[in-house]
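Trainee: any chance you can model this:
(2 chains)
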Amino acid sequence: MNRAFKILSFQAAALVAGGLMMTTVSVVTHAAVAPAATTVRIDNFSFNAPLVTVKAGTTVTWVNGDDIPHTVVAANGAFKSKVLDTDDRFSFTFAKPGQFSYFCSLHPHMTGKIVVKA
Amino acid sequence: MLDDMEDNRRGFLKCMAWAGTGALFAFGGGVGTSVGLDSALAAPLKSTPTRPFTFVQLSDSHIGFNKPPNADARATFREAVAKVKALPQQPDFIIHTGDVSQLSRDDEFDDADQILKEAGLPVFFVPGEHDMLDPDGGKAFRDRFGKGTKGDGWYSFDHRGVHFIALINVADLKPGGMGNLGAEQLKWLKADLAGRHSSTPIVVFAHIPLWTVYAEWGWGTDDATEAMKLLARFGSVTVLNGHIHQITQKVEGKIAFHTARSTAFPQPVAGTAPSPGPLKVPTEQLHSMLGITDAVFVRGSERIAVIDSTLA
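Mentor: I've put the predicted structure just below:
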């Protein structure tokens, strides 16, 4: 009897632990599903998605696919990348709604815009 | 109308030939001529009674660039400098019209400096947009190559009666725009030109072309016309630019415009490719692409002969 109780209590402990693990997993899954990240590629001296609309809280990542360096600079000063050489990335999280025009400060004819909605 | 245009063609420009690694300019009797370095090596310039002087323009060395079509932009820059060194008539100085470096890194500036020292000549610089990438937006370049300059790096100097003006059109560029001189620099230019005799030959150099070669690729300078208005009264104005890695040339009134080839890699002719990125020619073709000699001859009227500043 005493032994059986021990086994039962071990199983209960395992169940509790398993339940905790499941809770943790579900949180991670929820975060991954949320549309909180998007990518803008830079190819052939242009932002390949010149107008992107995202929800507040989204992280936008720019990736330079050119053999020539570029930058990503907000016209209103909200963000400014370092120089991005080939395959370099720059990310910025848009916390609040608004419109963010940006350009490449080396090649200012390259322009784009991020629209952030609530 | 045509007569008016002829009247305005006081500017005299004679380009015998161009080479990809640099352009050699000679001044004699107020008349600017240019020959490719290869031609100059093959046939030394004839001396004239006015003891012409020469200077060399190098451009777009992109030290640090190591992708197709050029795995070693240092090596090709060194070749260009070796050609300058081998000229039978040594130029008085070199001008470098920007994009000295690829990424404004200290080691790139160091190497460019060391390679240029091999020529043993004074060098006058303007930055390209690739030279403005340090956190302070060009301070690293100015500290090294632009000591004593004004504003974002502009300056002028006189050499044997020719007035040289270095303009900066790669600073504080505006979204959607092209090259930009800015109000402060234009004000300085106006003051710099004030009081100079209109017969003084003028050479202006800047990185991005000071006329619109191709707006879709940003190959121009938004407020260049403001500078050209200030220069319009001068009888001989030569504008030297880089940035587009190929020879283009235009004569408008008394102002002759040139762009130089890069010493690092060629770029496509305007509008002939999806982007102005490096023209990826096969390795065995690189030197011939850089070294193609383009013969251009533009005849002006005889009026240039009235210029009264000699360069002796």
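Trainee: which bits of chain A sit near chain B?
Mentor: Counting by Cβ under 8 Å from any Cβ of the partner chain, the positions of chain A adjacent to chain B are A:43-46, A:66-69, A:71, A:75, A:82-83, A:85-86, A:101-103, A:105-109, A:111. All C-beta atoms are positioned from the backbone trio N, CA, C, and that covers glycine.
Trainee: make a ChimeraX selection of the buried ones in those.
Mentor: Only the buried entries of the residues of chain A next to chain B go into this ChimeraX selection, using 16 or more other Cβ atoms under 10 Å in any protein chain shown:
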select /A:45,46,66,67,68,69,71,83,85,101,102,103,105,106,107,108,109,111
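Trainee: can you give me the strands in chain B?
Mentor: B:13-15, B:23-28, B:31-36, B:53-58, B:93-96, B:123-125, B:155-159, B:162-166, B:202-205, B:237-241, B:248-252, B:255-259, B:296-298 (DSSP state E).
Trainee: now those as a markdown table including mean pLDDT?
Mentor: Output for the strands of chain B, formatted as a markdown table (pLDDT from 0 to 100):
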| stretch | mean pLDDT |
| --- | --- |
| strand B:13-15 | 30 |
| strand B:23-28 | 62 |
| strand B:31-36 | 53 |
| strand B:53-58 | 85 |
| strand B:93-96 | 92 |
| strand B:123-125 | 96 |
| strand B:155-159 | 93 |
| strand B:162-166 | 93 |
| strand B:202-205 | 93 |
| strand B:237-241 | 91 |
| strand B:248-252 | 86 |
| strand B:255-259 | 87 |
| strand B:296-298 | 25 |
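Trainee: I'd like those as CSV, with distance to B:Lys67 and mean neighbour count appended.
Mentor: Formatted as CSV, the strands of chain B follow (distance: least, Cβ to Cβ, whole Å; neighbours: other Cβ atoms under 10 Å in any protein chain shown):
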stretch, distance to B:Lys67, mean neighbour count
strand B:13-15, 31, 21
strand B:23-28, 25, 24
strand B:31-36, 27, 22
strand B:53-58, 21, 24
strand B:93-96, 22, 23
strand B:123-125, 24, 21
strand B:155-159, 33, 15
strand B:162-166, 29, 21
strand B:202-205, 27, 23
strand B:237-241, 24, 26
strand B:248-252, 24, 16
strand B:255-259, 22, 24
strand B:296-298, 31, 12
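Trainee: give the burial count for B:Asn70, as a bare number.
Mentor: Using other Cβ atoms under 10 Å in any protein chain shown, B:Asn70 has 25 other residues around it.
Trainee: swap that for B:Lys174, please
Mentor: 13.
Trainee: one more: B:Gly195?
Mentor: There are 6 residues near B:Gly195, going by other Cβ under 10 Å.
Trainee: quick check: B:Glu108 touching B:Ser101?
Mentor: Yes. Using Cβ atoms under 8 Å, B:Glu108 is in contact with B:Ser101, at 3.7 Å.
Trainee: ranges for the strands of chain A?
Mentor: A:37-43, A:46-47, A:51-55, A:58-64, A:73-74, A:89-94, A:98-103, A:111-117.
Trainee: in CSV, list those strands along with mean pLDDT and distance to B:Gln57.
Mentor: Shown next, in CSV, are those (pLDDT from 0 to 100; distance: least, Cβ to Cβ, whole Å):
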stretch, mean pLDDT, distance to B:Gln57
strand A:37-43, 97, 31
strand A:46-47, 97, 31
strand A:51-55, 96, 41
strand A:58-64, 98, 30
strand A:73-74, 97, 31
strand A:89-94, 98, 35
strand A:98-103, 98, 30
strand A:111-117, 97, 32
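Trainee: I'd like these laid out as JSON lines, including distance to B:Gly128.
Mentor: Listed next are the strands of chain A as JSON lines, based on distance: least, Cβ to Cβ, whole Å:
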{"stretch": "strand A:37-43", "distance to B:Gly128": "19"}
{"stretch": "strand A:46-47", "distance to B:Gly128": "20"}
{"stretch": "strand A:51-55", "distance to B:Gly128": "30"}
{"stretch": "strand A:58-64", "distance to B:Gly128": "18"}
{"stretch": "strand A:73-74", "distance to B:Gly128": "18"}
{"stretch": "strand A:89-94", "distance to B:Gly128": "22"}
{"stretch": "strand A:98-103", "distance to B:Gly128": "18"}
{"stretch": "strand A:111-117", "distance to B:Gly128": "21"}
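Trainee: these: which one's closest to B:Asp143?
Mentor: Across those, B:Asp143 has its closest neighbour in strand A:73-74 (23.0 Å, Cβ to Cβ).
Trainee: from the chain's centroid, how far away is that closest one?
Mentor: Here strand A:73-74 is found 18 Å from its chain centre; the criterion is Cα atoms, centre = their mean, to the nearest Å.
Trainee: what packs against it?
Mentor: strand A:98-103 (3 or more Cβ pairs under 8 Å, 6 or more residues apart in numbering or on different chains; DSSP states H and E).
Trainee: adjacent strands (with direction) for the strand it packs on?
Mentor: Partner strands for strand A:98-103, per DSSP bridges, with pairing direction: strand A:73-74 (antiparallel), strand A:111-117 (antiparallel).
Trainee: please consider this matter closed, and thank you.
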